[in-house]
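**Student:** predicted model and sequence below, questions to follow.
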Protein chains: 2
Amino acid sequence: MRQAILNLEESKIREVANAGMGRGDVLPFWFGESDEGTPEAVRAAAIASLQAGETFYSHNLGLPELRQAVADYASRLHGPVAAERIAITSGGVNALMLAMQALIDAGDEVVAVTPVWPNLTAQPLILGARLRCVALQPQADGAWTLDLPALLEAITPQTRLLVVNAPNNPTGWTLSRAEQQAILARCRETGTWILSDEVYERLYYAGGSALGAAPSFLDIADAHDRLVVVQSFSKSFLMTGWRLGWLTMPAAMTPQMGKLLEFNTSCAPVFVQRAALTALAQTEAITPRIVAHLKGCRDTLVPLLQAVPDVQTSSAPGGMYAFLRIAGHSDSLQLAKRLVAEAGLGLAPGIAFGPEAEGWLRWCFASKDVGRLAQGVQRLERWLAAQR
Amino acid sequence: MRQAILNLEESKIREVANAGMGRGDVLPFWFGESDEGTPEAVRAAAIASLQAGETFYSHNLGLPELRQAVADYASRLHGPVAAERIAITSGGVNALMLAMQALIDAGDEVVAVTPVWPNLTAQPLILGARLRCVALQPQADGAWTLDLPALLEAITPQTRLLVVNAPNNPTGWTLSRAEQQAILARCRETGTWILSDEVYERLYYAGGSALGAAPSFLDIADAHDRLVVVQSFSKSFLMTGWRLGWLTMPAAMTPQMGKLLEFNTSCAPVFVQRAALTALAQTEAITPRIVAHLKGCRDTLVPLLQAVPDVQTSSAPGGMYAFLRIAGHSDSLQLAKRLVAEAGLGLAPGIAFGPEAEGWLRWCFASKDVGRLAQGVQRLERWLAAQR
């Protein structure tokens, strides 16, 4: 086995979840997944495809009609995006890995904004890259912000790739338009590719565009910029388990991506792609309802948490997480394990997302039953009271 | 973009297929896929899972019950294989890529037996490895054989990984037990990992084990040998478009593979895994019928081809391809394109599988309607007659 693979950390989220496995009394908020299943109409489209016998290989880049539907959807959000710039992938994580395979040689320098979903920093290491992290900064109110000058300074002509996820998992931090413009300008100077993970773009509660999307690099970049944007059907369409996402890239890159798709997974199942076509066709019925519900979840959870003594957290503009810290508890893995064992409360430890987030906890508020969130806060409160 | 990715060859099979796109009069035998869809009971299992709302993330390594069912299936074919050695992947090609990510650092030496499915040689190049190829040899009768001494000599302590696919796509060549034993012994000496692509193991027509599988490295290796075997549901269960396969590896490697699965695709869809559970449960009803039909296809096609003047081909012990050459035609890509355009016959050019196979053509005989094969031979005969 390669040392680089042995060195990869196992998920500390899963370590906590494993500690709670088989315990029916734990309220699990550890994973980044809604507990609400895929809309019935979307499932019905996959079922119809299976019944029709669509069980054969499809194009590496995805069904032409799905690439077109994705391009139309992206165009409504961000201005014209041609279908030639789209590739369908087996999930957002697969899209990220494909983009990194296309761009990173062993030894290349990658800059990542952290804390972040650990997959984003593991992938460069799998490919033998050198990783430099620029840390977001927690503010007094519990919100996280970007040290833009530090990031711009970290991006040099030696930087092959910048990896950024906004709205950010786990902090909810979201890039502003001005920050995006400064980053794009800097990367144009240095010749650095931008890999922008925007899978939470619709889970944005701060106004933004008419359709409610967070600021995207697609809004400001040219079609030929060194920019690859990763998207997923998981969050905006409640399709986590389907493993379907897409890449938006310069059109000249698309045939190259077709080769990498062939050599990684060949293609996504046709019946899964049919489900995605229905999801996109019905996005106006599906997505705003999801977003409104999640906003309600956030606006329920965060004030309740803020009312708990010693808890610091902020209402994030995007994503589906509350990110919090509790005075006097600096070891997030130990704290998360104790909360599972002693309070029946399942949260993700901040350390899973990078050393900057040590001492923090991530609470996924994507709960169909909002009452579960209040119940979780009660458990936290009772446990904290018992510590005093 | 990385030069290594730009350098990857686009599929020459697809180049020929593209030349025939939209032409309803072409008989397509170019892709490695049966034209028969997935059995109804298998599709029904996925449909039931979707109806039950199984649309969430699952374990990185696959559903525990599927890993167990795969282990039971492999144990029936090859002797005891523990479920702890199994990981479920998004197709055979994904399994191959994951294994290579686990084993190959940039700069490592990989030895491959060629001609072979081009994905097997592309993946090491994506990961920055140095690739050395050992060529199978065509015999006077059109069968291909391994130059075992040449292969054993090519494997040195510098060889990190040996990649071998038997039954082989495209030639149908199959490793003998004695050859496997010699290769395993040599790789134990040199510390070389064996990555054995055995996806055609059930498509074997030469007797072999009681259940009709081709010789497998699993039959002779210890559970701790440096051996990773790749399997797929595509061929033995008519499930190409589902993108589901598995890896068998030393148990100590499995947690590492779990990390790589997380960072590549996270998991296979649960409803796809439910279909696979049904496929395995019904394998005795499904697989022998497929194999008997394919043997009938082979035994129809090959004698007809052998009766065509100037055509050389042999009845291969495994796989689902006839591999042939036609005297006087040495440029396989040009020949394949002409056959599409002038004869309405869609075959894959040998050059797609390596320079050793230049001048050859691959004919996939997995045809539901055996009559199509005879029709194809007639087209070839007529075209050849017109050339004289």
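**Tutor:** Structure received.
**Student:** ignoring the adjacent residues along the chain, who's closest to A:Leu373?
**Tutor:** A:Leu301 (4.6 Å; C-beta to C-beta, 6 or more residues apart in numbering or on different chains). From N, CA and C alone the C-beta is placed, and that goes for glycine too.
**Student:** burial count for the one you found?
**Tutor:** Neighbours of A:Leu301 under the rule other C-beta atoms under 10 Å in any protein chain shown: 26.
**Student:** just the strands in the stretch 151-300 of chain A please.
**Tutor:** Under the criterion DSSP state E, counting those that start in this stretch, strands of the stretch 151-300 of chain A are mapped to A:159-165, A:193-197, A:227-232, A:245-248.
**Student:** how about those, which one is nearest A:Pro39?
**Tutor:** For the strands of the stretch 151-300 of chain A, the distance to A:Pro39 is smallest for strand A:227-232, at 15.9 Å, taking C-beta to C-beta.
**Student:** adjacent strands (with direction) for the closest one?
**Tutor:** Its sheet considered, strand A:227-232 pairs with strand A:193-197 (parallel), strand A:245-248 (antiparallel) by DSSP bridges.
**Student:** nearest to chain B: which residue in the stretch 101-250 of chain A?
**Tutor:** Of all residues in the stretch 101-250 of chain A, the one sitting closest to chain B is A:Ala106 (3.4 Å; C-beta to the nearest C-beta).
**Student:** that residue against A:Pro124, yeah?
**Tutor:** No: counting by C-beta atoms under 8 Å, A:Ala106 does not reach A:Pro124; the two are 10.1 Å apart.
**Student:** which one of the two has more residues nearby?
**Tutor:** A:Pro124 (24 against 15).
**Student:** ok, and the closest non-adjacent residue to the more buried one?
**Tutor:** Closest to A:Pro124 by C-beta to C-beta, 6+ apart is A:Val110, at 4.3 Å.
**Student:** residue contacts, A:Glu381?
**Tutor:** A:Val308 (C-beta atoms under 8 Å, 6 or more residues apart in numbering or on different chains).
**Student:** name the SS class of it, please.
**Tutor:** helix (DSSP: H, G, I helix; E, B strand; the rest coil).
**Student:** what's the separation between it and B:Leu247?
**Tutor:** Going from A:Glu381 to B:Leu247 by C-beta to C-beta, to the nearest Å gives 46 Å.
**Student:** and A:Phe263, by the same measure?
**Tutor:** A:Phe263 sits 17 Å away from B:Leu247, going by C-beta to C-beta.
**Student:** again, but for A:Ile86
**Tutor:** Separation of A:Ile86 from B:Leu247 (C-beta to C-beta): 30 Å.
**Student:** for A:Arg132, same thing?
**Tutor:** In terms of C-beta to C-beta, A:Arg132 sits 33 Å off from B:Leu247.
**Student:** then A:Asp147?
**Tutor:** 42 Å.
**Student:** who's more crowded, the two?
**Tutor:** Neighbours per residue, other C-beta under 10 Å: of A:Asp147 and B:Leu247, the larger number sits with B:Leu247, 29 against 14.
**Student:** by mean pLDDT, flag the weakest helix or strand of chain A.
**Tutor:** The weakest-scoring helix or strand in chain A, judged by mean pLDDT, DSSP states H and E, is helix A:12-20 (a mean of 85).
**Student:** centre of the chain to it, how far?
**Tutor:** 20 Å (C-alpha atoms, centre = their mean, to the nearest Å).
**Student:** can you check stretch A:365-376 too?
**Tutor:** 21 Å.
**Student:** contacts for that stretch, please.
**Tutor:** Residues outside stretch A:365-376 that contact it (C-beta under 8 Å, 6+ apart): A:27, A:29, A:32-36, A:294, A:296-298, A:300-301, A:304, A:320-322, A:345, A:363.
**Student:** quick check: residues of the stretch 201-350 of chain A near chain B?
**Tutor:** A:238-243, A:253, A:255-256, A:258-260, A:262-272 (C-beta under 8 Å from any C-beta of the partner chain).
**Student:** and the helices in chain A?
**Tutor:** A:3-7, A:12-20, A:40-51, A:64-78, A:92-103, A:118-126, A:148-154, A:177-190, A:217-220, A:254-264, A:270-281, A:283-306, A:332-338, A:370-387 (DSSP state H).
**Student:** most packed of the ones you listed?
**Tutor:** Most buried of those, by mean neighbour count (mean count of other C-beta atoms under 10 Å in any protein chain shown): helix A:92-103, with a mean of 26.
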